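Student: sequence first, then the predicted structure:
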Amino acid sequence: GLSNYDASILSIDKDTAQFFEEVVAELKNKKLAANWILVELFGRLNKASMKLSDSKVSSSKMKELLSLIDDETISGKIAKDVLDIMFETGKNAEEVVAEKGLKQITDTSAIENMIKDVLTNNPNEVEQYKSGKDKLFGFFVGQVMKQSGGKVRPQIVNELLKKHLS
């Protein structure tokens, strides 16, 4: 399911091809793996003037990171921060997520409490929204995301926020 370009880059040499194959061995989303290897990992390697063989991020560590994205334990945005730490330290993804408290918040009651706080603290914006300023919806989503430290899936926030504003 990869583009010809992605496939050619990932198979350009034996080490890269083997790394990719090891990463995707048990992953459902092969395209996600290709993007993360080609853009995120190779981008960091290029910036550091390193080769794949010099990387502290092994194929098993990369697979673990992508599994955390795939099962929605962390978001793609959080995963970039996790990868930065992994790249520098060689730690595995679960260790970094646990140490830094980066796991996504999935408890809807906790998210609803954040939404209630945001709506309570912004009564003028709520009034403007209810009188037709639909563009303020993004403001509310942003405030909830800010309050959660980016640890809430925006889709969940959108659903719950619509319910609270209607």
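Tutor: Cool, got the structure. Numbers count the residues shown, from 1 in each chain.
Student: now the helix or strand of the chain with the lowest mean pLDDT, how far from the centre of its chain.
Tutor: Counting by mean pLDDT, DSSP states H and E, the chain has its least confident helix or strand at helix 154-165, which shows a mean of 91. A distance of 19 Å separates the C-alpha centroid of helix 154-165 from that of its chain, computed with CA atoms, centre = their mean, to the nearest Å.
Student: how about stretch 27-43?
Tutor: The gap between where stretch 27-43 is centred and where its chain is centred comes out at 13 Å by CA atoms, centre = their mean.
Student: could you do stretch 148-155 as well?
Tutor: Once both centres are worked out by CA atoms, centre = their mean, stretch 148-155 turns out to sit 10 Å from its chain's centre.
Student: and the residue lying farthest from the centre of the chain, backbone torsions?
Tutor: The centre of the chain is farthest from one residue, residue 131, which by CA atoms, centre = their mean lies 34.5 Å away. Torsion angles at residue 131 (phi, psi; degrees, to the nearest 10) stand at phi -90, psi 10.
Student: which parts of this structure are helices?
Tutor: Remark: helices of the chain, listed N- to C-terminal, are 4-10, 14-24, 30-35, 42-47, 59-70, 76-89, 93-100, 108-121, 123-130, 136-148, 154-165; assignment by DSSP state H.
Student: contact partners for the nearest residue to residue 136 once chain neighbours are set aside?
Tutor: Closest residue to residue 136 apart from its sequence neighbours, by CB to CB, 6 or more residues apart in numbering: residue 129 at 4.3 Å. In short, each C-beta sits where N, CA and C put it, glycine included. Remark: with contacts taken as CB atoms under 8 Å, 6 or more residues apart in numbering, residue 129 is in contact with 136, 137, 140, 165.
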